[in-house]
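A.B. asks: pasting a predicted model and its sequence here:
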Amino acid sequence: AQSVTQPDIHITVSEGASLELRCNYSYGATPYLFWYVQSPGQGLQLLLKYFSGDTLVQGIKGFEAEFKRSQSSFNLRKPSVHWSDAAEYFCAVGQTGANNLFFGTGTRLTVIP
Amino acid sequence: EPEVTQTPSHQVTQMGQEVILRCVPISNHLYFYWYRQILGQKVEFLVSFYNNEISEKSEIFDDQFSVERPDGSNFTLKIRSTKLEDSAMYFCASSNDRDTEAFFGQGTRLTVV
């Protein structure tokens, strides 16, 4: 069965510190992988996606993620966090770009001065 | 930047009442989706819609749900007889191709009382 696990419910980091949000998935076929961010009162904004090719993908706002097939992981990273990065982050997996995506439960990021 | 627009942002309805959630997808997109997120739970796929018909639906999308594209710009989700457990944030999304990423709206929070 398809599933996405985000083991960290809540992470707190200091502004300027590095960040890694974990995502593990279980999927029968080669997956399409996504990270979305949701700020309070806002919709889901796509940060980055992996469809094929280079396993290190760059996204918006300085985020990157690495697809590791052997570990079934797609962790999100940022070298230096800004206060505006405080939000909820969702990892998602699917067989196509948008249809029937499976989402993780999300990781809430708090950024402290 | 084009965006998916959802109205209303918050709707309160009495149990048993019909409710229609409205979405205006990005204008050149051809694929449309509804997802929902019950408070504290994962974002879940409801239905995808293409060429004026449902292309895929989840087990959640039972007979009390329906979708429609009544004109060239709107995409609606109707819940015929709302139940308390229908209370959730409902997200509309669109994409210009099945294999490209979805763009999500800001959501409609439905509260059934």
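C.D. replies: Received it, and whenever you're ready, just let me know what you need. Quantities reported herein were computed from a predicted structural model and do not represent experimental measurements.

A.B. asks: isn't A:Ala98 up against B:Ala93?
C.D. replies: Yes: judged on CB atoms under 8 Å, A:Ala98 makes contact with B:Ala93 at a distance of 6.3 Å. Heads up, the C-betas are built off the backbone N, CA and C, glycines and all.

A.B. asks: what residues are shared contacts of these two?
C.D. replies: B:Tyr33, B:Ala102 (CB atoms under 8 Å, 6 or more residues apart in numbering or on different chains).

A.B. asks: and the helix or strand of chain B with the lowest mean pLDDT, what does it pack against?
C.D. replies: When the helices and strands of chain B are scored by mean pLDDT, DSSP states H and E, strand B:103-104 comes last with a mean of 92. Applying 3 or more CB pairs under 8 Å, 6 or more residues apart in numbering or on different chains; DSSP states H and E, one finds that strand B:103-104 makes contact with strand A:45-50, strand B:88-95.

A.B. asks: apply 6 Å and report the result again.
C.D. replies: Strand B:103-104 sits against strand B:88-95, with contacts defined as 3 or more CB pairs under 6 Å, 6 or more residues apart in numbering or on different chains; DSSP states H and E.

A.B. asks: state the mean pLDDT of the strand it packs on.
C.D. replies: Strand B:88-95 comes out with an average pLDDT of 96.

A.B. asks: parallel or antiparallel, list what pairs with that strand.
C.D. replies: Counting by DSSP bridges, the strands paired with strand B:88-95 are strand B:31-37 (antiparallel), strand B:103-104 (antiparallel), strand B:108-112 (antiparallel).

A.B. asks: of those, which stretch is the most buried?
C.D. replies: strand B:31-37 (a mean of 25; mean count of other CB atoms under 10 Å in any protein chain shown).

A.B. asks: using PDB, write out every CA atom in the very next helix or strand once past that strand.
C.D. replies: As assigned by DSSP states H and E, the chain's next helix or strand after strand B:31-37 is strand B:43-50. The C-alpha trace of strand B:43-50 is given here as PDB (Å, rounded to 0.1, in the frame of the first residue of the first chain):
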ATOM      1  CA  VAL B  43      -4.400  15.600   3.100                       C
ATOM      2  CA  GLU B  44      -6.500  13.100   1.200                       C
ATOM      3  CA  PHE B  45      -7.400  12.800  -2.500                       C
ATOM      4  CA  LEU B  46     -11.100  12.900  -3.300                       C
ATOM      5  CA  VAL B  47     -11.500  13.100  -7.100                       C
ATOM      6  CA  SER B  48      -9.900  14.100 -10.400                       C
ATOM      7  CA  PHE B  49     -11.800  15.500 -13.300                       C
ATOM      8  CA  TYR B  50     -10.800  15.800 -17.000                       C
END
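
A.B. asks: appreciated, that's everything.
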